[in-house]
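[1] Sequence plus the predicted model coming up.
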Amino acid sequence: MAPRLQLEKAAWRWVETVKPEEIRQEHINLAYRINLPACKRGTCRRNCKGNPNCLVGIGEQAWLGEIDENAFHNIDDPNSERRDKNTFVGLTNLGATCYVNTFLQVWFHNLELRRSLYQCHNSRAQEHNIESDYEPQSICEHLQYLFALLQNSNRKYIDPSGLVKALGLDTGQQQDAQEFSKLFLSLLEDTLSKQKNTNLQNVIQRQFCGQFSYVTVCNQCGRSSALPSRFYELELNIQGHKNLTECVTEFLKEEKLDGENRYFCESCQSKQNATRRIKLHSLPPTLNLQLMRFVFDRQTGHKKKLNTFISFPEQLDMGPFLEDQKCVYELSAVLIHRGISAYSGHYIAHVKDARTGDWYKFNDEEIEKMEGKKLQLGIEEDIAETVKSQTRKPKCSKGYHCSRNAYMLVYKVQEEESSDISRTNVEVPAFLQRLVDQDNHKFEEWCSEMADMRKQSVDKGKAKHEEVKELYELLPAKDGEPYEFIPLEWLKKWLDDSTATKEIDNSLFLCSHGKLHPDKVAESKRVSLQAAQLLYERYSGGPRLDGSSLCRECVGQRCRVLRLKNQLNEDYKEVSNLVKRTLSGEGYWVGKASLRSWRQLALDQLEEDEHETKHSNGQTNGQGPHTNNSKESLSILETERKLVSAEVWTKLRAYFPKAPEFTQNQEPCQQCLTLEQEEKDNEAVSKMMALDQKNQLLNLFHEKNRPTLTKWPQGTDVLYIVPLFFVDEWRKFIRRPTKSSPVSNVGNTLLLCPHGGFMFTYDSLINGDAQHIALLWPNEWEVISRLFIVDQPISIHCFKDTPPSGPTTQYTTQPDLCWECRESFLFQQQRDLREYTQATIYIRKVIEDKRMVKDAAPEMNASSSEAEEEKEEHPKVDGERDPDFSQSEDGAKRLKLGDSSTASAATVPVTKPGGIRRSTRHRKLRGEKALIVSANQTLKELKIQIMHAFSVAPFDQNLSIDGKSLTDDSATLGSLGVIPESIICLKADEPIADYAAMDDVYQVRMPEEGFKGTGLLGH
């Protein structure tokens, strides 16, 4: 089928030879494209919107033919959430809790620990009513219930949020896994120690606790002293080592105590050189070996990860490290950290099933069984390959494994094989199994509910399939038979099963005559009366549009518009020639602007007529602005209108039938003439008023001979106060009296509190509060009082006294100062300075001689902290001598910054003692950058911003404000006295040029809190 525009042109081609009054039914059918041939399936790739008879590509493809029933729903099979046979249950990752999940799986597979936890007394679980949800309280209760679910749940994975919430962990922040392990076992040990069953009180010690001593030998007398200690894991340094044996050997190696570290020998009664080593006495059944992959980097001031390959055996013989003992361990778990940074990555665990000897990989919800009962770490090591580290994986001997990501190894003591099943069989107690059965019942109910929803969707889809197959065959309207129009979008939604089918709505397709608009044919489809009848019966709606809904009036109007469009170019040329001729005979006034662009205006008018819009003609034709008159009037401005011939006006009138007509002898608008004269009279009055006021207040206008508060003028004991806003507005009127409104009022109440008291003291006015007021001489105040309406006089009085102790001067104001409102104002002012958000401060980089750095360091696009880009000015060489940044307390020198030494105190900002004067426009020096900060932001966060702006690491930044060093990284900027527009000096020690060295600095934006405030620390 031809494109839409071609179909549009073809539908109206007949208007070239047919006038509006000659239109017949055949022309109407052509306009509505009734007789266009219908498209066949396979001929159109998409639906022909210009053809109302094309019913191809509207969504029917999905319904014709056989359909898989799974296409009728988007509900996953609930059995995919069901636990697979002979496998374990996973744990949901709540955001960044993968480190918790790995340890929970490792501890669950410690059969002795699990068996002991099941024996813990739990009256809450034993007495629980299964009609309500069970909510554990203590850590033991949470772990009990979690282990029972891990053992016998029907779910593929369970949610550990109850335990995580009880511990008070932040689910969005990844923590140190090794620290979590230590703190949790310590908490569990403390909890179990309170159990009444003595066998449970020391289960953590029995499983994980070993004994060693720090043995010190005096080199002088040979005396040996031992300090016994317990351990729950051995922390092994891996730096510089290749295998586990080397790490253990270094842990136990002798250390020399000499120099300042000499040992005080009890026998020698003096400090002597000595040796110290760790001596193992006993090892626990479960040996936890922490590989210290996360270490503190002194250069960056943060933790980093050591991605060193370490080899470790499946069987570990600890006999050589013990005296006269045999102790062989078997590897039972490997905890992995995937990632190269200490502040990001992912934790997983490889755990050996104690019952079958099979290895499993626990990755949160996903659990994978390793083939052949072998530990497989290969894919975990590929994750860490980066550009920075291309170390090849060393070859491992049989029975050994190599890893660059393993951070904890769990070994179980090797025991003789036994046929005793109870040793590896742990039964869930009845009171816990009852809770597990309750959860399994809820899960089965959910599965059943999901299955029912799937079935309902399938049944509904099948019914819709049959409906579409039945109705789609009936949709095409045959020639000569009755038909109706249905919206195309409704048909598409009817065939789109993802949305609910609403009733048929044809209201948007109606023209102003209540029939089908010719332009809406492209958005509708012509269907058979039989199909329309069935659709309306099932889905209702309306109004129904049949063959009688074709609008003759709209077709006639469109015919007229199209014919005028075709004629427009010829008329434009003719009018252009006629306008150039000398006018003879009667003429008509036309607006010059309208005449210049009449062709475009005509096109716009025809477009409006074509779409039946109701906008105005778009031009005034030189008429006056008083459109509310019963008869429109001619504009008084002859420069805006032109006289044209009657022939020209006749041509224009055909396109603008609603335009007002003004003959050559038409009188201009009398109302406009009157208003024009009034405006001229008003301007003359304003000029006279401005000249009179200027002459009476000449010094105030020119800002000459102004009184100041810093040096009270001689010859008067009173000065008057008005708002500076009043003076500024008055000067605007004096300068441009015809363009500005005259000032009639002095609004002094702006300077008063709600109680009518003055808001400022003499001292506060001197120290900066005078920036919004203007001072007047008494004679000026008399003029002001006479010329303007003053709501409240405000004055400041000077009283001089000469007692024997010496002359004194006192200042008072009328009205009196309102101390209550003044204190409230000061409090609010101070609070605003301490509680700001999104304020600008300036960081100025200095070097040893206090000079500004000539060129700023290159900026890092990764996180631009620039608040604004101003044009750079040429500063003084010495930044401290620049007047906009001077911290001098000499007020007299400050006043000389202006052109006049007698500048008003109301317009000259005064420096506060000990602070930097903030001018109205900050002059940014080279090497200085503006940052956007908030008062509750910490100094540490500011240093991160400075690092991005100046490429100086936080630990190399020495910051100060007003000579005071800023050192407390955890303090907020508000508490440190950093206020908006402050200037902070930055002195860098040694900026780091290698950005790669700051990788981990970028990772950590906030000071490390660790497990502070969580249940692991007893909070």
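    All right, it came through fine. Numbers count the residues shown, from 1 in each chain.

[2] a helix runs through residue 981, doesn't it?
    No - using DSSP: H, G, I helix; E, B strand; the rest coil, the assignment for residue 981 is coil, not a helix.

[3] Count the neighbours of it for me.
    13 (other Cβ atoms under 10 Å). Every residue, glycine included, has its C-beta placed from N, CA and C.

[4] Tell me how far it lies from residue 958.
    22 Å (Cβ to Cβ, to the nearest Å).

[5] Same question for the strand ranked longest in the chain: list its buried residues.
    When the chain is parsed with DSSP state E, its longest strand is strand 328-338. For strand 328-338, the neighbour count (16 or more other Cβ atoms under 10 Å) marks 329-338 as buried.

[6] repeat for stretch 207-221
    Buried, per 16+ other Cβ under 10 Å, within stretch 207-221: 207-210, 212, 215-219.

[7] What's the end-to-end length of that stretch?
    39 Å (Cα to Cα, to the nearest Å).

[8] for it, what is the average pLDDT?
    Average pLDDT, stretch 207-221: 91.

[9] repeat for stretch 520-539
    87.

[10] Show me what counts as buried in it.
    Applying 16+ other Cβ under 10 Å to stretch 520-539 flags 520-522, 524-532, 534-536 as buried.

[11] swap in stretch 109-121?
    Quick answer for stretch 109-121 (16+ other Cβ under 10 Å): 109-110, 112-118, 120.

[12] From the residues you listed, which land in strands?
    Filtering the buried residues of stretch 109-121 for strands - DSSP E - leaves nothing at all.

[13] So which of those residues are in helices?
    Mapping those onto helices (DSSP state H) picks out 112-118.

[14] Mind putting those residues into a markdown table with distance to residue 274 and pLDDT?
    Converted to a markdown table, these look like this (distance: Cβ to Cβ, whole Å; pLDDT from 0 to 100):
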| residue | distance to residue 274 | pLDDT |
| --- | --- | --- |
| 112 | 40 | 91 |
| 113 | 40 | 90 |
| 114 | 45 | 90 |
| 115 | 46 | 90 |
| 116 | 42 | 90 |
| 117 | 45 | 89 |
| 118 | 49 | 89 |
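
[15] Could you report the distance from residue 564 to residue 937?
    67 Å.

[16] got it, and residue 555?
    Distance from residue 555 to residue 937, counting by Cβ to Cβ: 69 Å.

[17] The two: which is more packed in?
    Neighbour totals were compared for residue 555 and residue 937, and residue 555 leads with 20 against 17 (other Cβ under 10 Å).

[18] who's in contact with the nearest residue to that one once chain neighbours are set aside?
    Leaving aside its sequence neighbours, residue 555 sits nearest to residue 31 (Cβ to Cβ, 6 or more residues apart in numbering; 4.9 Å). Contacts for residue 31 (Cβ atoms under 8 Å, 6 or more residues apart in numbering) come out as 11-12, 518, 550, 555, 558.

[19] what's the farthest-apart pair in those residues?
    12 and 550 (14.3 Å; Cβ to Cβ).

[20] Of these two, which one has the most company?
    residue 550 (20 against 16).

[21] List the beta-bridge partners for that one.
    residue 516 (DSSP bridges).

[22] Now that it has come up, it's in contact with residue 515, right?
    Yes - Residue 550 is in contact with residue 515 according to Cβ atoms under 8 Å; the separation is 6.8 Å.
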